[in-house]
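*Asks:* Please work out how this folds:
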Amino acid sequence: MRVVAVMNYKGGVGKTTLTANLGAVAAARGLRVLLVDLDPQTNLTFSFYSVADWQERLKDGRTIKQWYDGEMPGRDVSLADLVVTPERVNKALAGTGGQLDLISSHLGLIDIDLELAARLGGATTLDGSKRKFLDLHGCLRNALQDSQFQEYDLVLIDCAPNFGLVTKTAIVASEQILVPAKADYLSTLGLDYLYGNCDSLVKQFNDFANHNRSTQDQWPIDPQFLGVVFTMVQIYSQQVTLAQHGYIEQVRLNSQVPLLENKVRNSPRHFGDAGESGVPAMVRTSAAKDEVVREFDLLADEILGALELTQAGAR
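*Replies:* Numbers count the residues shown, from 1 in each chain. Sure thing, here's the model as predicted:
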């Protein structure tokens, strides 16, 4: 099982659209995929369920908010019990051998970061404080180690555009971090800051984990940056526009985060109605593979290849 956090400090960069389509394409290639929606905006969830369906079937008992609630995440609710299988997209995947499952988000997740921060306090000793830090930051990683998740080939975690505690639990749980970005000033500005914050979190977690070796339930982490993938790219005469090309080259030459070669072009025709049909565009339109679908397939090849996941050899 490969676990990937999808994140950027900047919102509006196509993060959720990328996550939904990448997950669906991976499933269409025969992989078993779990999407975890940790963004309070809940857009990944609404890519597969209508708002009315979510309110009726998921809101009150089957969202990640229920799991993070309580004295310690997961103590009262099993993460596996929150997994749902969206009907419309899996109907489109019939015959592929793959499956796409989801753990839904909740609009109330926005309040959870403050509650989690409050739970970090209260320890009376240094060892107790470190123990609480490890338990809280490692809660999602521990939950995904449950045998019920071992059937999945790929877990994609859609993170909120911040570095709060919920996002930190995703980083601790992940082997790789994928960073969608637009080729503009604001979207690329925070890439190295994100890199630095992730590096600081890893060092602190591993320092505490090594200090508490006697417990053996929290081991050191080593998440790597899979890379930056540029989204909403403007193409003119089969080339990236000059202005956007400049930002892409700046990242290639100067950023500590590596750059993926393949990109997602801006295409309102494909991505403008994201979520309306419950089936991501790159699966919905794959029967007639136009240029946008072919480009996304190449991106999926690059990402899944880096993760060593293939249709024939994933499991």
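*Asks:* residues in contact with the closest residue to residue 198 other than its chain neighbours?
*Replies:* Excluding the flanking residues, the one nearest residue 198 by CB to CB, 6 or more residues apart in numbering is residue 171, at 5.9 Å. In short, each C-beta sits where N, CA and C put it, glycine included. Contacts for residue 171 (CB atoms under 8 Å, 6 or more residues apart in numbering) come out as 5, 7, 177, 198, 201-202, 223.
*Asks:* would you list those residues in JSON lines and tack on distance to residue 49, pLDDT and secondary structure?
*Replies:* JSON lines is the format used below for the contacts of residue 171 (distance: CB to CB, whole Å; pLDDT from 0 to 100; DSSP: H, G, I helix; E, B strand; the rest coil):
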{"residue": "5", "distance to residue 49": "22", "pLDDT": "98", "secondary structure": "strand"}
{"residue": "7", "distance to residue 49": "22", "pLDDT": "95", "secondary structure": "coil"}
{"residue": "177", "distance to residue 49": "26", "pLDDT": "98", "secondary structure": "strand"}
{"residue": "198", "distance to residue 49": "31", "pLDDT": "97", "secondary structure": "helix"}
{"residue": "201", "distance to residue 49": "32", "pLDDT": "97", "secondary structure": "helix"}
{"residue": "202", "distance to residue 49": "34", "pLDDT": "97", "secondary structure": "helix"}
{"residue": "223", "distance to residue 49": "29", "pLDDT": "97", "secondary structure": "coil"}
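*Asks:* show me where this protein has strands.
*Replies:* Taking DSSP state E to define them, one finds strands in the chain at 2-6, 32-37, 99-103, 154-158, 176-182, 224-231, 235-236, 239-240.
*Asks:* Reformat those strands as JSON lines; add mean neighbour count and distance to residue 295.
*Replies:* JSON lines is the format used below for the strands of the chain (neighbours: other CB atoms under 10 Å; distance: least, CB to CB, whole Å):
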{"stretch": "strand 2-6", "mean neighbour count": "25", "distance to residue 295": "18"}
{"stretch": "strand 32-37", "mean neighbour count": "25", "distance to residue 295": "20"}
{"stretch": "strand 99-103", "mean neighbour count": "23", "distance to residue 295": "21"}
{"stretch": "strand 154-158", "mean neighbour count": "26", "distance to residue 295": "19"}
{"stretch": "strand 176-182", "mean neighbour count": "24", "distance to residue 295": "15"}
{"stretch": "strand 224-231", "mean neighbour count": "22", "distance to residue 295": "11"}
{"stretch": "strand 235-236", "mean neighbour count": "12", "distance to residue 295": "9"}
{"stretch": "strand 239-240", "mean neighbour count": "14", "distance to residue 295": "12"}
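*Asks:* got these as CSV, with distance to residue 87 columns?
*Replies:* Output for the strands of the chain, formatted as CSV (distance: least, CB to CB, whole Å):
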stretch, distance to residue 87
strand 2-6, 24
strand 32-37, 15
strand 99-103, 11
strand 154-158, 20
strand 176-182, 27
strand 224-231, 28
strand 235-236, 35
strand 239-240, 38
